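Asks: got a sequence here, can you build the structure:
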Amino acid sequence: MASLFSPTLMLGSLQLGLIYGLLALGVFISFRILNIPDLTADGSFTLGLAVSAVCSVAGHPLLGLVLAVLAGCLAGAVTGFLQTKVGVHPILSGILTMSGLYSINLFVMNASSNISLITADTLFNGALFRLLGKDGASTLVPALIVVLAVGLLFWFFKTHLGLCIRATGDNEAMVRASSINVDGIKILALALSNGCVALSGAVLAQYQGYADINTGIGIVVVGLASVIIGEVLFGRRSLSFGLFSAVLGAVVYRFLIAIVLKIGIFPAFALKLVSSIVVALALSVPAVKHALRLRRRKKQGRKEAASC
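Replies: Numbers count the residues shown, from 1 in each chain. From the prediction side, this is the model:
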């Protein structure tokens, strides 16, 4: 049991949880705020990974994060354009963009399926590494980026544009009747969502020291798992609380995955299966709660009818 909750395991899960928390923020924007099932994440995550890796090899790790966010925003804007201007179904538009991004990601990586960052400058082996050590830098860098991202998103969704995005997700017809450009709002929201997803991939590339073209396969399931777990554990309250719960859900998700793999119930190659099971169970919680409430009401009704 002590080895199950070893400091190394817990710290590694925390670090990855914070990194995937950025992914959860992106999925939260599209899935919860905008109510659009966006599958672009699989491609935009790898796009951020690739851009960050290439820039790090060139000696510009911080610039790599900025360019990764911009590239992710562009990918999300393409998905939004296909949805709003071309009339492609939201799920299909995400699939089309994701498929196209596979070739673009290979182009960014110079037709190589992986890039090593062992000898490259990253945010994790610079001044903070010398000052705080490996564990300190690997924890502080993702934490600072997550706090900055959550703070900026919290501020943005209080602005007029942010409120328009929230209103579009709640009642698109009402927003359209208010002469607001709903198509532009959707494109902006999907760009912002995939920018967060790409930032997650960019940080992960520098954290793990390499970039692989297949890293993003099924990553949207990880984001969904994080969002749903956060809502199940901490509830759905305000938007600001939803942003924090998405990040906390990502941390809890990584702890669960680490524990499951440590116990040995599933082999390491079954990680995607475990993720799918976690998402399915988390999604079923509201339905189970509703069924239990309905059952209690029926039981109470029978008791009241019998007492009359």
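Asks: what about Thr8, distance to Val108?
Replies: Remark: distance between Thr8 and Val108 (CB to CB, to the nearest Å) = 33 Å. (C-beta placed from N, C-alpha, C; glycine too.)
Asks: who has more neighbours, these two?
Replies: Each of Thr8 and Val108 has its neighbours counted (other CB atoms under 10 Å); Val108 has more, 21 against 9.
Asks: Leu190: what secondary structure?
Replies: Counting by DSSP: H, G, I helix; E, B strand; the rest coil, the backbone at Leu190 sits in helix.
Asks: list the residues that contact it.
Replies: Ser30, Leu34, Ile36, Asp38, Thr40, Gly76, Ala77, Thr79, Gly80, Gln83 (CB atoms under 8 Å, 6 or more residues apart in numbering).
Asks: which of those sits closest to Ser193?
Replies: Of all the contacts of Leu190, Ser193 sits closest to Ser30, with 4.2 Å by CB to CB.
Asks: looking at the closest one now. What's its pLDDT?
Replies: At Ser30, the model reports a pLDDT of 91.
Asks: Leu128 now?
Replies: In this prediction Leu128 is given a pLDDT of 64.
Asks: sorry, back to before: any chance of CSV for the contacts of Leu190, columns secondary structure, neighbour count and distance to Arg176?
Replies: Shown next, in CSV, are those (DSSP: H, G, I helix; E, B strand; the rest coil; neighbours: other CB atoms under 10 Å; distance: CB to CB, whole Å):
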residue, secondary structure, neighbour count, distance to Arg176
Ser30, helix, 31, 19
Leu34, coil, 25, 14
Ile36, coil, 22, 15
Asp38, coil, 29, 20
Thr40, coil, 31, 23
Gly76, helix, 31, 21
Ala77, helix, 19, 20
Thr79, helix, 32, 20
Gly80, helix, 29, 16
Gln83, helix, 23, 15
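Asks: I'd like those as TSV, with distance to Gly17 appended.
Replies: Formatted as TSV, the contacts of Leu190 follow (distance: CB to CB, whole Å):
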residue	distance to Gly17
Ser30	20
Leu34	24
Ile36	25
Asp38	22
Thr40	23
Gly76	23
Ala77	28
Thr79	26
Gly80	29
Gln83	31
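Asks: out of those residues, who's nearest Ser178?
Replies: Using CB to CB, the contacts of Leu190 come closest to Ser178 at Leu34, 17.0 Å.
Asks: that closest one contacts Asp170, doesn't it?
Replies: No: the pair Leu34 / Asp170 is not scored as a contact, 9.9 Å apart, by CB atoms under 8 Å.
Asks: pLDDT below threshold where in the protein?
Replies: In the predicted model of the chain, residues 1-6, 127-130, 308 satisfy pLDDT under 70.
Asks: mind listing the strands for it?
Replies: In the chain, the strands defined using DSSP state E lie at 114-116, 210-212.
Asks: elements contacting the first one?
Replies: Right, the one you point to is strand 114-116. helix 41-57, strand 210-212 (3 or more CB pairs under 8 Å, 6 or more residues apart in numbering; DSSP states H and E).
Asks: please redo it, this time with the cut-off set to 6 Å
Replies: strand 210-212 (3 or more CB pairs under 6 Å, 6 or more residues apart in numbering; DSSP states H and E).
Asks: parallel or antiparallel, which strands does the strand it packs on pair with?
Replies: Sheet pairing of strand 210-212 (DSSP bridges) gives strand 114-116 (antiparallel).
Asks: residues touching the partner strand, excluding its own?
Replies: Ala53, Met109, Tyr210, Ala211, Asp212 (CB atoms under 6 Å, 6 or more residues apart in numbering).
Asks: for the closest residue to Leu9 other than its chain neighbours, give its distance to Gly301.
Replies: In this structure, Leu9 finds its nearest non-sequential neighbour in Ala258, 5.6 Å apart by CB to CB, 6 or more residues apart in numbering. To Gly301, Ala258 is 45 Å away according to CB to CB.
Asks: could you do Val27 as well?
Replies: Counting by CB to CB - Val27 and Gly301 are separated by 40 Å.
Asks: again, but for His160
Replies: 48 Å.
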